[in-house]
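> just coords:
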């Protein structure tokens, strides 16, 4: 199997945000040009058509700006969570961010304990619902297949301090508590954080796959 691609935390979201901003600027320029042409050269029914086209372009630009803002905020949230997860790396965990899935999309954070147990972390800024929980489960299922190790889905709220709670098979926790929760959860699971031949084999396989 080919190696998985990983990057800095939040890279995908921030890149999409920049792309949406560029597209919004293009729509603003096009809408401004259409408005100028309408006011300068068109009269009667054609002027109304031109005005409608101008408004449609500016509305599309506004929508793109909203998307750019949302992706930028999401990327910033992923980076904040990534900085917290750095504490795990100092304790011997494998920590990867923005892991691209060959089938499309990405896993915000993927961490593996010293015992070789994997956790996929989906980051949301403030709130989540059923679609986000389903996405978190799909990420864990994908990681388990690709890495051939058990994977536990986690949903982390970047702006939250909520205590861990399970919803629909996904552990949900505020970013302020995520590191302590992961270390405690790992100790409680079979295999835990203890080192041993099985854990070493798992970690070697995960490192090889992540590059």
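Ah, there it is. Fair warning: this is a prediction, and the values are worked out from it, not measured in the lab.
> Which residue, other than its chain neighbours, is closest to residue 25?
In this structure, residue 25 finds its nearest non-sequential neighbour in residue 61, 7.8 Å apart by CB to CB, 6 or more residues apart in numbering. Where you see a C-beta, it was placed from the backbone N, CA and C, and this is true even at glycine.
> Look up how far residue 33 lies from the one you found.
When distance is defined by CB to CB, to the nearest Å, residue 61 is 12 Å away from residue 33.
> in the chain, which spans are strands?
Under the criterion DSSP state E, the chain contains strands at 5-7, 94-100, 106-112, 118-124, 151-157, 165-167, 170-174.
> Can you spell out which helices and strands pack onto the fourth one?
So the one you mean is strand 118-124. Identification of packing neighbours for strand 118-124 by 3 or more CB pairs under 8 Å, 6 or more residues apart in numbering; DSSP states H and E yields helix 44-89, strand 106-112, helix 130-147, strand 151-157, helix 178-188.
> the more surrounded of residue 61 and residue 33?
residue 61 (20 against 12; other CB atoms under 10 Å).
> OK, contacts around the more buried one?
Residue 61 makes contacts with 24-25, 27-28, 31, as judged by CB atoms under 8 Å, 6 or more residues apart in numbering.
> okay but residue 112 is in contact with residue 202, surely?
Yes: using CB atoms under 8 Å, residue 112 is in contact with residue 202, at 7.4 Å.
> Looking at these two, which has the bigger crowd around it?
Set side by side, residue 112 and residue 202 show more neighbours around residue 112, with 27 against 24, by other CB under 10 Å.
> how far away is that one from residue 20?
From residue 112 to residue 20 the distance is 33 Å (CB to CB).
> Then residue 186?
For residue 186, the distance to residue 20 - CB to CB - is 37 Å.
> how much space is there between the residue nearest to residue 25 and residue 23?
Residue 61 is 8 Å from residue 23, by CB to CB.
> Residue 75 now?
Counting by CB to CB, the gap from residue 75 to residue 23 is 17 Å.
> And the two? Which one has more around it.
Legend: neighbour count by other CB under 10 Å for residue 75 and residue 23, higher for residue 75 (25 against 17).
> Give me the pLDDT for the more buried one.
Each residue has a pLDDT score; the one for residue 75 is 88.
> Pull the contacting residues for it.
10-14, 17.
> Need the overlap of contacts for residue 112 and residue 202.
Contacts common to residue 112 and residue 202, judged by CB under 8 Å, 6+ apart, are residue 149.
> how close does the residue lying closest to residue 152 once chain neighbours are set aside get to residue 174?
Spatial nearest neighbour of residue 152, excluding adjacent residues (CB to CB, 6+ apart): residue 119 at 5.0 Å. According to CB to CB, residue 119 and residue 174 sit 16 Å apart.
> Tell me which of those two has more neighbours.
residue 119 (26 against 16).
> is the more buried one in a bridge, and if so with what?
residue 111, residue 152 (DSSP bridges).
> No further queries at this time; thank you.
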